[in-house]
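Asks: need coordinates for the following:
(one chain, ligands or ions: 3)
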Amino acid sequence: MEPEVGAAPAGPPSVKPYRHPAAGWGAAKSVTKVLARTGEWVDGPRAILKMNHENGGFDCPGCAWPDDYKGLHLDICENGIKHVTWEMTGKRVTREFFAAHTVTELSGWSDFALEDQGRLTEPMVYDPESDRYLPIDWQRAFDLFGEAVRGLDDPNQASFYTSGRLGNEATFLYQLMARELGTNNLPDCSNMCHEASGRALQASIGTGKGTADLKDWESADALFIMGVNAASNAPRMLTALADATRRGAQVVHVNPLVEAAATRTIVPHEFLDMALMKATSTSTLNLQVRIGGDMALMRGIAKAVLELAEHDPKAVDRQFVERYTTGFEEYRALVAATPWEELERQSGLSRPQLLRAAQVYCEADRSIFSWCLGVTQHEHGVDTIREIVNVLLLRGNLGREGAGPSPVRGHSNVQGNRTCGINHRPTAEFLDRLAEVCKIDPPRAHGLDTVATIEAMARGEVKVFLGMGGNFALAAPDTVYTYEALRNCELTVHVSTKLNRSHLVHGRQALILPCLGRTEQDRQRGGLQATSVEDSMSMVHLSRGMRKKPASRQLLSEPAIVAGLARAALPDSATPWEWYVEDYDRIRDTMSEVLDGFEDFNRRVRLPLGFRIKQPARELVFLTPSGKAEFSAAPLPDVLPAPGTLVLGTMRSHDQWNTTIYSDDDRYRGVKNLRTLIFMNRQDMRERHLDEFTPVDITATARDGSTRSLYGYLAVPYDLPRGCAAGYMPEMNVLCAIGDYSTQSDQPIMKHLNVTVTAAAGRPAE
Ligand SMILES: Nc1nc2c(c(=O)[nH]1)N[C@H]1C(S)=C(S)[C@@H](COP(=O)(O)OP(=O)(O)OC[C@H]3O[C@@H](n4cnc5c(=O)[nH]c(N)nc54)[C@H](O)[C@@H]3O)O[C@H]1N2
Ligand SMILES: Nc1nc2c(c(=O)[nH]1)N[C@H]1C(S)=C(S)[C@@H](COP(=O)(O)OP(=O)(O)OC[C@H]3O[C@@H](n4cnc5c(=O)[nH]c(N)nc54)[C@H](O)[C@@H]3O)O[C@H]1N2
Ligand SMILES: [Mo]
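Replies: Ligands and ions are numbered 1, 2, ... in the order given. Presented below is the predicted three-dimensional model:
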């Protein structure tokens, strides 16, 4: 049986095209509804005013888009507000709540209902006798963890997951604990997110991060926005896109769907525009690639540029290519050998469309290419991103203003987590520094990532699982298998703010440890504390909670929880865990000695806008084996669906935050009260004799030939290329086999599931 997931629909389903600009009044109305629902009329707006503000505000936990560096206007968005008020709810999950409901009963609740119970208030331990969570005091909870870890034969039998919400200081302590224990098992959400970006950029330009910042976005002549639903998932990008079209820059959207950000917007903080209903266009060209077709599109652009260069010497920046790159000749030969017909077939775009994209690129002096999950969650995600870099290199779009690669990260501090040591494949240099400064002997062998952790838990090789935030059970692929894996553990521990599915899918022993959220003040012996975070564009700045009264007096901060766990697991540790927590400046002092680019951390992080971590590639210093930016010459993958099948991509709705489902609506795609749907091309529906809302069964066939199904989903006709389909995560994780991860990035290929869709025959009898 499939697990019960998703929200509870509030009425009959409907789908109508959305004809309004993104953001604007629809967003304002939605915010009003959210504030009403949480009852946060006073604190909600106060929090919003403090969000993303230089000096004294807290970082919006909504996404990793950078704050407006000019600090002039209210840089907020509907979804950030939703996210913050969701944390600030007045509702509480108390010991009485847990006493009233068994875990078995709660397992039947929707994910919406679970989180909607409000904030967790005290540590709880699972009691198998009564099938309930019972209160436990903090010290006993820490000791339970400590005993379990000390009882392992090998520290590699524990795995430590991070969700990208965790601040830098807690992150540093967390990885220190794991490594002092003796393991690099540090899976994190970026294993499902931007692993491909990190690996591709590292290989091509010697840094795992993008090089463009917000100022560059403001001076680019062309912005290529690939595989991101920005209006929902990075809404503050809309401001940058509207600014760009206003000053005459080109904005090209590459997406199988024409998402709301690819139309027009009413810029959220421009109140006059709001009052006058004045929308600004956020797109000059939409290219509806087929799912997985981005690499063919990039190669098509490269081919056109190289053909043009035969009679226009300015098409390729020869000087740049010669001075700063290697591998150009090989790449040129490969591109020349790839026929246009193949590029058309694989991209799903016509030759005129490919040429048009190339023309935009060639007419721009400075171009930025930005991307998110639509590009990364594929088998060939790394090759595709390297192809993006190839295209940038051809015209010298690197190391100068207004140009460069610019991945849009997901969680608000997922990039900071990596910078501060969450990496199952740490470099030797990092470990050497850690060993020297922290006087520990870190393990050198690589650890387990997300998929490998699940497999190891299923085999009984990982026995203790600790989730530092997040909702591992639902976020991970192959839901049924992942549930079995978690249930196979000796101990599962989750540090969380809200009740979620991962607390119900637990090991033989289980703990829920509730923590302070980002909006709340964090007071330690040394006074009020702030934590630092890093955004998508490598800006590091402080985040300070403003709420004086936490959701419960029993909540601890994340650094304090890590310290408590560490001390219990490492009673003789010489690391001054308790001393660190008294004053986070002490953690930052140690970090400044270990981490590259964090020199003088405590002073620089207190500058009004924080500081930017230096990007060597931005200065045209390439830390690659050749010392140059490296062209890649990867073969073009075949992404066409086999006859009779479709390629299905899983994605978010507008009204959800990863596994947190706010409602069953998806406003910009015109959907109401429906998540169990599959968006399909009309003709693909006709071929299968499906009408709108015909119930269908969806069966995914994994690489190993095994199948997984979802039953009774509703077909919804949508404007996407033939052979392509889309639906919502996390529900559709049921379809994603554990073994179907990219051999290039180890990322589950959540945007490329091979499925058949048939009129519903119903779930077979078990
Ligand atoms: N409100 C809100 N904000 C969020 C999140 C949230 O859940 N809610 N999640 C956060 C996180 S952790 C992340 S990682 C980001 C995710 O941000 P996104 O990457 O926008 O996430 P998805 O919803 O998965 O949407 C992927 C987009 O890629 C497109 N796509 C699918 N396949 C392909 C393809 O083959 N090629 C191209 N070019 N496009 C394709 C889809 O149509 C969709 O527009 O957002 C972050 N911000
Ligand atoms: N099929 C499919 N699956 C996907 C994806 C996809 O596109 N398709 N996307 C993947 C991606 S990009 C990601 S990032 C993952 C998301 O994976 P996760 O990061 O694991 O999941 P979230 O839903 O963001 O986690 C929500 C939970 O975090 C906890 N939380 C909230 N705030 C805090 C806090 O301040 N501190 C702590 N300790 N806990 C807090 C709450 O208890 C809440 O229930 O999902 C992945 N899964
Ligand atoms: Mo993510």
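
Asks: hey, let's count contacts and neighbours off CA atoms from now on
Replies: Fine.

Asks: wait, isn't A563 in contact with F172?
Replies: No. Using C-alpha atoms under 8 Å, A563 is not in contact with F172; the gap is 11.0 Å.

Asks: off-centre distance for the helix or strand containing M177?
Replies: Taking DSSP states H and E as the criterion, M177 maps to helix 168-181. In terms of C-alpha atoms, centre = their mean, to the nearest Å, the centre of helix 168-181 is set 21 Å apart from its chain centre.

Asks: do stretch 334-346 as well
Replies: Going by C-alpha atoms, centre = their mean, the spacing between the C-alpha centre of stretch 334-346 and its chain's C-alpha centre is 32 Å.

Asks: who touches it?
Replies: The set of residues external to stretch 334-346 that reach it, using C-alpha atoms under 8 Å, 6 or more residues apart in numbering, is 290, 293, 296-297, 299-300, 302-303, 350-351, 354, 633, 638-640.

Asks: repeat that for stretch 547-559.
Replies: With C-alpha under 8 Å, 6+ apart as the contact definition, stretch 547-559 has outside contacts at 88, 90, 92, 119-122, 166, 169-170, 173, 495, 514-516, 519-522, 581.

Asks: please redo it, this time with the cut-off set to 7 Å
Replies: Applying C-alpha atoms under 7 Å, 6 or more residues apart in numbering, the contact partners of stretch 547-559 are 119, 121-122, 169-170, 173, 514-516, 519-522, 581.

Asks: farthest pair within those?
Replies: Between all members of the contacts of stretch 547-559, the longest pairwise span (C-alpha to C-alpha) is found for R119 and L173 and amounts to 24.6 Å.

Asks: contact residues of this protein facing ligand 2?
Replies: 163-165, 189-190, 192-193, 410, 468-472, 475-476, 495-500, 517-518, 650-651, 658-660, 729-730, 732-733, 750 (C-alpha under 6 Å from any ligand atom).

Asks: which PyMOL command selects the buried ones in the residues you listed?
Replies: Applying 16 or more other C-alpha atoms under 10 Å to the residues of the chain next to ligand 2, the buried members can be selected in PyMOL as follows:
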select buried, resi 163+164+165+189+190+192+193+410+468+469+470+471+472+475+476+495+496+497+498+499+500+517+518+650+651+658+659+660+729+730+732+733+750
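
Asks: show the contacting residues for H194.
Replies: The contact partners of H194, by C-alpha under 7 Å, 6+ apart, come to 376, 409.

Asks: so how far is E379 from the nearest residue to S745 once chain neighbours are set aside?
Replies: Setting aside the residues directly before and after it, S745 is nearest to A196 in space (C-alpha to C-alpha, 6 or more residues apart in numbering), at 5.0 Å. In this structure, A196 and E379 are separated by 10 Å, where distance is defined by C-alpha to C-alpha, to the nearest Å.

Asks: of those two, which one has the most company?
Replies: Between A196 and E379, counted using other C-alpha atoms under 10 Å, A196 has the larger neighbour count: 31 against 26.

Asks: is that one part of a helix or strand, or is it coil?
Replies: Here A196 takes the helix state, with states given by DSSP: H, G, I helix; E, B strand; the rest coil.

Asks: again with L354
Replies: For L354, the reduced secondary structure class is helix; criterion used: three-state DSSP.

Asks: tell me what the helix or strand where L134 lies is packed against?
Replies: The secondary structure element spanning L134 is strand 132-135 (assigned by DSSP H and E). If contacts are counted by 3 or more C-alpha pairs under 7 Å, 6 or more residues apart in numbering; DSSP states H and E, strand 132-135 sits against helix 95-100, strand 124-127.

Asks: quick check, distance from stretch 727-740 to the centre of its chain.
Replies: Averaged over its C-alpha atoms, stretch 727-740 has a centre that lies 16 Å from its chain's centre (C-alpha atoms, centre = their mean).

Asks: which single residue in the stretch 201-350 of the chain comes nearest to ligand 3?
Replies: N233 (9.9 Å; C-alpha to the ion).

Asks: other residues contacting the strand holding L134?
Replies: Outside strand 132-135, the residues that touch it by C-alpha under 7 Å, 6+ apart are 95, 98-99, 101-103, 122-127.

Asks: if you rank those by neighbours, which is first?
Replies: With neighbours defined as other C-alpha under 10 Å, the most crowded of those is P123; it has 25 neighbours.

Asks: got a list of what it touches?
Replies: Listed by C-alpha under 7 Å, 6+ apart, the contact set of P123 reads 135-138, 512-514.

Asks: nearest to ligand 2 among these?
Replies: Each of these was scored against ligand 2 by C-alpha to the nearest ligand atom, and P514 proved nearest at 7.4 Å.

Asks: just to revisit the earlier point, quick check, nearest of the contacts of P123 to W65?
Replies: Of all the contacts of P123, W65 sits closest to P514, with 26.9 Å by C-alpha to C-alpha.

Asks: doesn't that closest one belong to a strand?
Replies: Yes. Using three-state DSSP, the secondary structure at P514 is a strand.

Asks: and it, how far from P339?
Replies: Taking C-alpha to C-alpha, one finds P514 at 57 Å from P339.

Asks: same check, this time on R95
Replies: For R95, the distance to P339 equals 66 Å [C-alpha to C-alpha].

Asks: between P514 and P339, which is the more surrounded one?
Replies: Neighbour count, other C-alpha under 10 Å: between P514 and P339, P514 has more, with 27 against 11.

Asks: and the closest residue to the residue of the stretch 201-350 of the chain closest to ligand 3 other than its chain neighbours, what is it in contact with?
Replies: Spatial nearest neighbour of N233, chain neighbours left out: C63 (7.1 Å); criterion: C-alpha to C-alpha, 6+ apart. The contact partners of C63, by C-alpha under 7 Å, 6+ apart, come to 234, 410-412.
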